[in-house]
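[1] Okay, here's the prediction I keep looking at, along with the sequence it came from:
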Amino acid sequence: MWAWPPGVGGALLPEGAVGGGGSEGPSPLIVTSLSPSSITMDLLTAVGCAVAVLLVTTAVALLGAAHHLGLLYQLFHKVEPKSPRHGGELVADVLKAHGVRFVFTLAGGHISPILVAAEKVGIRVVDTRHEATAVFAADAVSRLSGRIGVAAVTAGPGVTNAVTAIKNAQMAESPLLLIGGAAASLQKGRGALQDIDQLSLFRTLCKACVSVRTVRQIVPTLRHAIATAQSGTPGPVFVELPIDVLYPFHVVEKEVGGPKSTRGLRGKLIQWYLQNYVRNLFVGAWEPRDVTPLPVKVPLATEDEMQRCAELLSRATKPLVLVGSQAMLPPTPAEELRAALEALGIPCYLGGAARGLLPPDSPLLLRHNRRDALRDADLVLLAGSVCDFRLSYGRLFGRGAVIVAVNRDRVQLLRNADVFWRPRIAVRGDAASFVVGLAQRLRGFSCPTHWLQRLREAEQQKERANREKAATPTAQHLNPMDVLYRMDALLPPDSLLVADGGDFVGTAAYIVRPRRPLSWLDPGAFGTLGVGGGFALGAKLCRPEAEVWVIYGDGSLGYSLMEFDTFVRHKTPIIALVGNDACWSQIAREQVAMLGSNVACGLEFVDYHAAAEALGGKGFVLGRPDSKQLDAVLRTAQDECRRGRPVLINALIGKTDFREGSISV
């Protein structure tokens, strides 16, 4: 029996317990029996609450399931089962709206709708002989045009073949869209053809990785991906388009829609699920959507940062500017950046894609003795340059030198700053606009002439020494320096140079002079071999009027020699100059000296020119007996290229000590 003690609000006490208290002592309990009706009401209330909670939970679960299955969306949007349209058309519409002129690819059934639709809207589809070449070509287009470069590769092996080229684009900060085909979402993990976890491959390589699940998601996903690739520190993005969002409704329904008639409850549930899956793929697919580009966000320096740098620069007596590839990124036009550098009048070293920013005869342009110049400078402006292995991790600056670093990426901006160097001002922003802003604030500034004259004299002395080495015959074949000087002398103003190799390309970097801005393409910080075919293809398509040269080592040529077939088929004539010394010389130089063995470094003097001819190009071979006709052969190669034929010049070269002491690790 339970009773309520008087004065106690709702506390139940067992019979015989004492409640209350106080000065009057314990109060006697008043025992009252609970009626059966009150017990019944309490039970009903508890049951009602439990049922209500259960109903709410069930409703939420059902709504979640309905949302996941697309049932709610299907209530307000329609499916068009008889429409012949397919997702590839939406991809093409977005690319067209973003100014894409080329899609580079190697054909595969997973991506066929994209390629067909792109061609129909006037986008040129360029197929290559390897997926890496397709990505390299898209990379080149991005660098040269300022627009997004696009490559589309088929599922599985097509995607994995693109990994190295995507990593190269990431480290070169190239905005690039890689579209990858994939198995149908419903079939993932069930043993479908070429089905792998593709997103995991690219999560550390790309700024964004996403898989599209329905046709209606194609347009917003691509728009956002392209804006992401171009914003901030640019880089590649990966968009996976499963096969069932690319083909028409009737094709997808036939493949994954399940049987038309089934028996039993389980069979009917599976049939309903599959049919609903297909309907959800296409519901709302063809409703009008905005395909125009989203805004691109570029980090900019503050007014205070530019003013502080201007004050430091105005007091410097031995200033120096190092311009890196990042300074060539949009939105600042290259001509505007060049005008700013010329207005400042500060001596410059140009690296990577910035080569050619100043004309070859500019008194401000330096190519030699960089280590000495950095040691003596009292102020160094790193405009997009990074203190990695290319600047000896920041160990080259003189004691007490003022360092101003400008970079869009915080990690690159402060690379090794805690070890070997420390910036006076570190600006996270766009390097080109920063230099332009400096020039506007320092109108009338004049770099001390004694400093510039001293650097010019050292430059000329080094150039004379190099030409003396070029004139010295090698033990066998041609002197590579002489070949490159002869080539440089014949380059027209509209030439564009692609660098793909080790030792021969390293020599060319000190000899061959790009003639204008954005006329030099090299892999960048990753040092990837094999970029030549793709870079040349993209460059020639972007600038059909340019004379495109690829400077190959004989080792690197092996990666893209087959692309001569691509050059012929797509009528993109280029000139390949191959420095053939039958060796991986950049590796062998150290390996032999340090370890006493040439193992795995030896090649043969292969007839690469004959291979080019077998693929439809024109080939020439140059050796010691042809030294007097070298200029004539180079001119003939230029003539053949102007007639529309890709050319390969197989230059047999000997060894020099020009790059003695250079490192390959």
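    Good, I have the coordinates. Every value quoted in this text rests on a predicted model; they were computed, and no experiment measured them. Residues are numbered from 1 along each chain as shown.
[2] where does residue 638 fall, helix, sheet strand or coil?
    Three-state call for residue 638 (DSSP: H, G, I helix; E, B strand; the rest coil): helix.
[3] gap between it and residue 544?
    16 Å (C-beta to C-beta, to the nearest Å). Every C-beta, even on glycine, is put in place using the N, C-alpha and C of the backbone.
[4] give me the element residue 507 is part of.
    helix 503-511 (DSSP states H and E).
[5] Run through who's touching that helix.
    In this structure, residues lying in contact with helix 503-511 by C-beta atoms under 8 Å, 6 or more residues apart in numbering are 367-368, 466, 470, 480-481, 484-485, 488, 499, 522, 551-554, 556, 579, 581, 585-586, 589, 653, 656, 658-659, 662.
[6] In helices, which of those appear?
    Among those, the members falling in helices (DSSP state H) are 466, 470, 480-481, 484-485, 488, 554, 556, 585-586, 589.
[7] Just the closest of the residues you listed to residue 319, please.
    When the ones in helices among the contacts of helix 503-511 are ranked by distance to residue 319 (C-beta to C-beta), residue 466 comes first, at 26.2 Å.
[8] any idea how far that closest one is from residue 489?
    Distance from residue 466 to residue 489, counting by C-beta to C-beta: 14 Å.
[9] before we move on, what about residue 49?
    Taken as C-beta to C-beta, the span from residue 49 to residue 489 is 93 Å.
[10] cool, residue 259 as well?
    73 Å.
[11] So residue 115: helix, strand or coil?
    Following three-state DSSP, residue 115 is assigned to helix.
[12] the more surrounded of residue 466 and residue 489?
    A direct count of neighbours by other C-beta atoms under 10 Å for residue 466 and residue 489 places residue 466 higher, at 18 against 10.
[13] residues contacting that one?
    Contacts of residue 466 (C-beta under 8 Å, 6+ apart): 368, 481, 510-511, 658.
[14] how about the helices of the stretch 101-250 of the chain, start to end?
    For the stretch 101-250 of the chain, helices defined by DSSP state H, counting those that start in this stretch occupy the ranges 112-120, 131-145, 157-160, 163-172, 198-202, 218-230, 249-256.
[15] Single out the most deeply packed of the ones you listed.
    Burial of these is given as mean neighbour count (mean count of other C-beta atoms under 10 Å); helix 131-145 ranks first at a mean of 29.
[16] what's the angle between it and helix 218-230?
    Angle between the axes of helix 131-145 and helix 218-230 is 70 degrees (criterion: axes from the mean of the first three to the mean of the last three C-alpha atoms, to 10 degrees).
[17] could you give me the average pLDDT of helix 131-145?
    Here helix 131-145 scores 98 as its mean pLDDT.
[18] other SSEs contacting that helix?
    On a contact count with 3 or more C-beta pairs under 8 Å, 6 or more residues apart in numbering; DSSP states H and E, helix 131-145 meets strand 102-106, strand 124-127, strand 149-153, helix 163-172, strand 176-182, strand 520-521, helix 532-542.
[19] how about JSON lines for those, with distance to residue 314 and mean pLDDT added?
    Putting those into JSON lines (distance: least, C-beta to C-beta, whole Å; pLDDT from 0 to 100) gives the following:
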{"stretch": "strand 102-106", "distance to residue 314": "46", "mean pLDDT": "98"}
{"stretch": "strand 124-127", "distance to residue 314": "50", "mean pLDDT": "98"}
{"stretch": "strand 149-153", "distance to residue 314": "40", "mean pLDDT": "98"}
{"stretch": "helix 163-172", "distance to residue 314": "34", "mean pLDDT": "98"}
{"stretch": "strand 176-182", "distance to residue 314": "40", "mean pLDDT": "97"}
{"stretch": "strand 520-521", "distance to residue 314": "32", "mean pLDDT": "98"}
{"stretch": "helix 532-542", "distance to residue 314": "40", "mean pLDDT": "98"}
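[20] Alright, I will stop here.
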